[in-house]
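Student: dropping a prediction and its sequence here:
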Amino acid sequence: MKKLILFLILATAITAEAQYVVNYKKVADAYFQSKDYYAASTFYKKALKITADSSQVVLPYGKDKKLGSEEKVIEDYEGSLYNLAEASRMYRDFTEAEKYYEVASTFSNPKYYKSLFYYAESLRANKKFPQAIAAFEKFITNNKTDGLVKTANLEVLSCKFAMKEMRFPRLVQIKKVPSEINGLGSNYAPIKQGSSFYFTSSRPVAVSGKPDVVKVVKGESPISTKANPFMNNLYSSSSNFQDDKVNVKKIDFNLQNDMEFAAVSFNPEGNVAYFTAWKGQEKYSIYSASKTDDKWSIPQSVGLQVNSKDFNAAQPFVTSDGKFLIFSSDRMGGYGKYDLWYAAIRSDGTIGQAVNLGPEINSEADEKAPYYNTITKKLIFSTDGRIGFGGMDFYESEGDLINWTTPKNMGYPFNSSKDDVYFTPINADASKGYISSDRESACCLEIFEVKREYISVSGIITDCKTKKPLDGVLVKMNDQENDYIFTTNNTGKYDFKMDSRRPVKLNMTKENYFALNKSYAYEEIAKADTLMYADYCINAFKINVPIVLDNIYYEFNSAELTESSKKVLDALALILDDNPEMEIELGAHTDDVGTDVYNQELSERRAKSCVDYLVSKNISQNRLASKGYGESMPIAPNKLKRGKDNPEGRAKNRRTEFKVTKK
């Protein structure tokens, strides 16, 4: 079918007469070269005669007035379609990119071999994870030595991770902020300072035009390429989005008209602002400005400890105590592309030497947009260098700027299959805040309000015999991803917070007590609102001290277990499951009816019968021992005074016990 479409394309291009006034391909190429990808895609579609109702068949662009060779037509057609796919990807419209990369991936010209990789990437961004995995694996097979193979392997793992994670969404509410904030262009890096809400936007502003890239030709329409009207600037509004009208105003930092700036952060007092600034193709640098009354000073570079003409420094974050500046930079000495670094802010406002946050945080790819909570010691940042949902994902790590825990993906829907960056909180524990994401946009970042919620799993642990609360019980909770640990005090209370509806297991242990495991199935958790409460008791034991198994019965004069006895042994099997290192001895006793030899042999058979049953319940034979004691160890008289029979005493003596021989 695709060969037939290509044949029709070529036939149309070769036989058509020159009838185009505007050379749309030349216009599109000009926009593409100047990195105005939205305009480029618009004109490539005109050149290829793609309309809203022609998504399945790509027709050729309007060719030059002089008909070229068949090879030239193919070359121009393939180049235009590939650039259309590239332009769509560059301005993050993956729905469009997917369509055009799918066609481009069939081209035989090896210079378009990356089409398959980017087709797979577009599928992933569009949440088509199984199809994306197949496309990535095909790319890996076809290009085993290419540098993109490592990235493709990471993408495959990320797709599998995403499918698993999306089964159990995190308890996160996400709401887009008002349209006055999310205007044209990208809107990102939100931050609340006092009663004001600050953010960066590339919404259009009036700028002077640049000379035409393509000259006016007689008989053709003029081709104008004005300077990109989308300029990054800082804006502010009231932080109360419940108002009927949200007024947005641009902040004047007295920068040169052709400079852009983004991603502002403030010192604790709110009178010093740090932000990223750049001009044209120059490197990103970090500037600061001071506010007196309502006026900002002329911004100044924070200095050579952070900035250089040889590398980029961007996305500053000032810690809440005002002592450190954390930022993203591709400077020498890092572990990948953009790394996260920190530097001390001295008392006079100057910046100290930049220090890398280290390999636990930084990867071979990009780490960006840091936020660090000095109270909880948690760092939230974005990276595309780890297994995640694809694109930039939020990760969380705990540390002190020097030592860090392994970063953990913050899950779905905090993260999406597109880019998620710039988290900033609005409360002390960072359970509420804002993020930037292009998850609902065809091209650009937008700002969302997020609220992290939790289910509390709690209760009281007591001694089963005394009924008193137990302190020092180590309680572990596992949600199939993480282990959480809690130690009870004299109230016996345990308390966990979980941020998803994953099935969980609780493990309760204390010295000289049997460990206890309890599980909550997904169905139980799904019904819970914000609280799951359950009290538990655990049993004490001592090494080599027997514990009677009540209600263990056998058929008369036999070692065969009754059905009710099996239920008691089922409970013992659960204890052994919960204590996998423990070894026990099963002992059986009789009364004195019958000969000593007979009772000894009967008790041995009964003890072995218990062991055999436990083995049938998948308890290892190596953990079990059986021993018959016959009538040798009574715990009550078999007869009363004067030789009268004692039925109650005999019943107590006909018992089965177990004792722990190894913890």
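Tutor: Sure thing, it's come through.

Student: can you tell me the centre-most residue of this protein?
Tutor: N409 (2.9 Å; C-alpha atoms, centre = their mean).

Student: quick one, what contacts that residue?
Tutor: Neighbouring residues of N409 by C-beta atoms under 8 Å, 6 or more residues apart in numbering: 161, 165, 386-389, 393-395, 415. Where C-beta positions appear, they are placed from N, C-alpha and C, glycine not excepted.

Student: measure E282 to S301 for me?
Tutor: To S301, E282 is 12 Å away according to C-beta to C-beta, to the nearest Å.

Student: those two: who's more crowded?
Tutor: S301 (14 against 11; other C-beta atoms under 10 Å).

Student: the more buried one and Y274, how far apart?
Tutor: 11 Å.

Student: take the contacts of N409 and keep only those in strands.
Tutor: Those of the contacts of N409 mapping onto strands are 393-395, per DSSP state E.

Student: make JSON lines from these and add distance to P190 to it.
Tutor: Putting the ones in strands among the contacts of N409 into JSON lines (distance: C-beta to C-beta, whole Å) gives the following:
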{"residue": "D393", "distance to P190": "18"}
{"residue": "F394", "distance to P190": "14"}
{"residue": "Y395", "distance to P190": "19"}
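
Student: in JSON lines, list these along with neighbour count.
Tutor: Listed next are these as JSON lines, based on neighbours: other C-beta atoms under 10 Å:
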{"residue": "D393", "neighbour count": "30"}
{"residue": "F394", "neighbour count": "27"}
{"residue": "Y395", "neighbour count": "22"}
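
Student: coming back round to it: now for S301 and Y274: what residues contact both?
Tutor: 286-287.

Student: helices of this protein, start to end?
Tutor: 2-15, 24-33, 37-47, 70-90, 94-104, 114-125, 129-142, 148-165, 522-527, 563-578, 596-616, 647-653 (DSSP state H).

Student: out of those, which comes closest to N507?
Tutor: Checking those against N507 by C-beta to C-beta gives helix 563-578 as the closest, at 7.7 Å.

Student: just how off-centre is that closest one within its chain?
Tutor: Relative to its chain's centre, helix 563-578 lies at 41 Å (C-alpha atoms, centre = their mean, to the nearest Å).

Student: mind listing what R623 touches?
Tutor: Contacts of R623 (C-beta under 8 Å, 6+ apart): 576, 582-584.

Student: do you know how far it is from V611?
Tutor: 10 Å.

Student: cool, F261 as well?
Tutor: 76 Å.

Student: and those two? which has more neighbours close in?
Tutor: F261 (25 against 20).

Student: next one, pLDDT for L157 please.
Tutor: What the model reports as pLDDT for L157 is 96.

Student: name the nearest residue to it, sequence neighbours excluded.
Tutor: I387 (4.8 Å; C-beta to C-beta, 6 or more residues apart in numbering).

Student: thought P316 was touching L340?
Tutor: No. Using C-beta atoms under 8 Å, P316 is not in contact with L340, being 11.2 Å away.

Student: the nearest residue in space to E524 that is not next to it in sequence: neighbour count?
Tutor: Nearest non-adjacent residue to E524, counting by C-beta to C-beta, 6+ apart: M532, 7.4 Å away. Per other C-beta under 10 Å, the neighbour tally for M532 reads 18.

Student: per-residue confidence for M532?
Tutor: 89.

Student: pull the contacting residues for it.
Tutor: By C-beta under 8 Å, 6+ apart, the neighbours of M532 are 455-458, 520, 524-525.

Student: so which of those are in strands?
Tutor: Those of these lying in strands (DSSP E): 455-458, 520.

Student: just the buried members of those?
Tutor: Taking 16 or more other C-beta atoms under 10 Å as the criterion, what is buried in those is 455, 457-458, 520.

Student: wait, A442 sits on T95?
Tutor: Yes. Counting by C-beta under 8 Å, A442 touches T95, with 6.7 Å between them.

Student: can you pull the buried residues of stretch 500-515?
Tutor: 500-504, 506-510, 513-515.

Student: and what of stretch 516-530?
Tutor: 516, 520, 525.

Student: let me know whether the last one touches D499 as I believe.
Tutor: It refers to I525. No. Under the criterion of C-beta under 8 Å, I525 makes no contact with D499, lying 11.8 Å away.

Student: what residues are shared contacts of the two?
Tutor: I455.

Student: how near is the residue nearest to A125 when sequence neighbours are not counted to Y100?
Tutor: Nearest residue to A125 in three dimensions, chain neighbours excluded: F94, at 3.9 Å (C-beta to C-beta, 6+ apart). According to C-beta to C-beta, F94 and Y100 sit 11 Å apart.

Student: more neighbours: which of the two?
Tutor: Y100 (29 against 25).

Student: tell me the contacts of the more buried one?
Tutor: By C-beta under 8 Å, 6+ apart, the neighbours of Y100 are 58, 81-82, 84-85, 88.

Student: quick one: least confident of the buried residues of stretch 516-530?
Tutor: For these, the pLDDT minimum is I525, 85.

Student: any idea which of the buried residues of stretch 516-530 is closest to D252?
Tutor: Nearest member of the buried residues of stretch 516-530 to D252, counting by C-beta to C-beta, is I525, at 51.6 Å.

Student: ok, that closest one - contacts?
Tutor: Counting by C-beta under 8 Å, 6+ apart, the residues that I525 touches are 455, 501-504, 532.

Student: one more: E449?
Tutor: E449 neighbours (C-beta under 8 Å, 6+ apart): 174-177, 241, 432-434.

Student: okay, now the unreliable bits of the stretch 151-300 of the chain?
Tutor: Low-confidence segments of the stretch 151-300 of the chain, defined by pLDDT under 70: 205-230, 242-244, 254-257.

Student: which strand residues bridge the closest residue in space to K467 that isn't next to it in sequence?
Tutor: Nearest non-adjacent residue to K467, counting by C-beta to C-beta, 6+ apart: C537, 7.4 Å away. Beta-bridge pairing for C537 (DSSP bridges): T462.

Student: just the pLDDT for C537.
Tutor: Listed pLDDT for C537 reads 96.

Student: give the contact list for it.
Tutor: 461-464, 467.

Student: go on, K518?
Tutor: Contacts of K518 by C-beta under 8 Å, 6+ apart are 505-506, 508, 534, 536.
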